[in-house]
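**Q** task: produce atomic coordinates for the following.
(one chain, ligands or ions: 1)
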Amino acid sequence: MTSNEPWARTERLELRRWAPEHLAELRALAVLPEIVRYVGDGRPWSESTVTTRHREVLEHWRRQGFGWLAAHDGTGAFVGLVAVTRRSGEDSGIGVPAVEVGYWVVPGAWGRGYGTEATGAVVAEVFARGHADLLVARYDPANTASGRLLAKLSFTPHHVVDGERPLAYTVLARPDR
Ligand SMILES: CC(C)(COP(=O)(O)OP(=O)(O)OC[C@H]1O[C@@H](n2cnc3c(N)ncnc32)[C@H](O)[C@@H]1OP(=O)(O)O)[C@@H](O)C(=O)NCCC(=O)NCCS
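**A** Alright, predicted model coming up:
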């Protein structure tokens, strides 16, 4: 599959395999305070974090045959990403292997349903292609939009890790299991 063929589609969006040319989009988003506010330590990513993560994402695709997707609208404009990462039982946060899902939408496009639409399509495709029986997503409970998005996609609460930056874990099992 070339990077130009969409891996998933919705009415408004095309989702493509993360590719070397997406480094610029990742860099542009990862330095925005409103994007990283609830991600990791909440600080904009350094250039080395951006390039390291980008390399890891390309490597994940090579090893696993699936991974992060870049979302573009009907005009071809980049509108965000869906982060899809295989996790072992040790690093999933829920004690069993799972595929973790995350999502970033460019701030100018928030509130139009893109986050839910893109993530929903990717979730359906990950299950349909047999890449996972269980998905996990973690979010800061203060991140209302993220919590709503997950609830709309039928993710259910698993547990919450309290702390300076609390993290709510949610899960979604493959529907036919
Ligand atoms: C989380 C994020 C992806 C949502 O993207 P989006 O395209 O705006 O989401 P949607 O339009 O699909 O909306 C999802 C729900 O969140 C709500 N929502 C959107 N923006 C919101 C905001 N600023 N405050 C509260 N709720 C909000 C929507 O109203 C919708 O809920 P509803 O159907 O009950 O009304 C986007 O805000 C983002 O990129 N945030 C920064 C990165 C991030 O925090 N990612 C998640 C890390 S866990």
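
**Q** going forward, measure contacts between C-alpha atoms and count neighbours the same way
**A** OK.

**Q** how about stretch 127-135: buried residues?
**A** 127, 131-135 (16 or more other Cα atoms under 10 Å).

**Q** sorry, wrong one. I was asking about stretch 12-21.
**A** In stretch 12-21, counting by 16+ other Cα under 10 Å, buried: 13-19.

**Q** quick check, that stretch touching the ligand?
**A** No. Residues of stretch 12-21 contacting the ligand under Cα under 6 Å from any ligand atom: none, with a closest distance of 11.8 Å.

**Q** average pLDDT for that stretch?
**A** For stretch 12-21, the mean pLDDT works out to 98.

**Q** now the end-to-end length of that stretch.
**A** For stretch 12-21, the first-to-last residue distance is 22 Å (Cα to Cα, to the nearest Å).

**Q** what's the answer for stretch 5-18, then?
**A** Termini of stretch 5-18 sit 11 Å apart (Cα to Cα).

**Q** list the contacts of it.
**A** Applying Cα atoms under 8 Å, 6 or more residues apart in numbering, the external contacts of stretch 5-18 come out as 3-4, 57-58, 61, 66-74, 117-118, 121-122, 125.

**Q** go again with 7 Å.
**A** 3-4, 58, 68-74, 121-122, 125 (Cα atoms under 7 Å, 6 or more residues apart in numbering).
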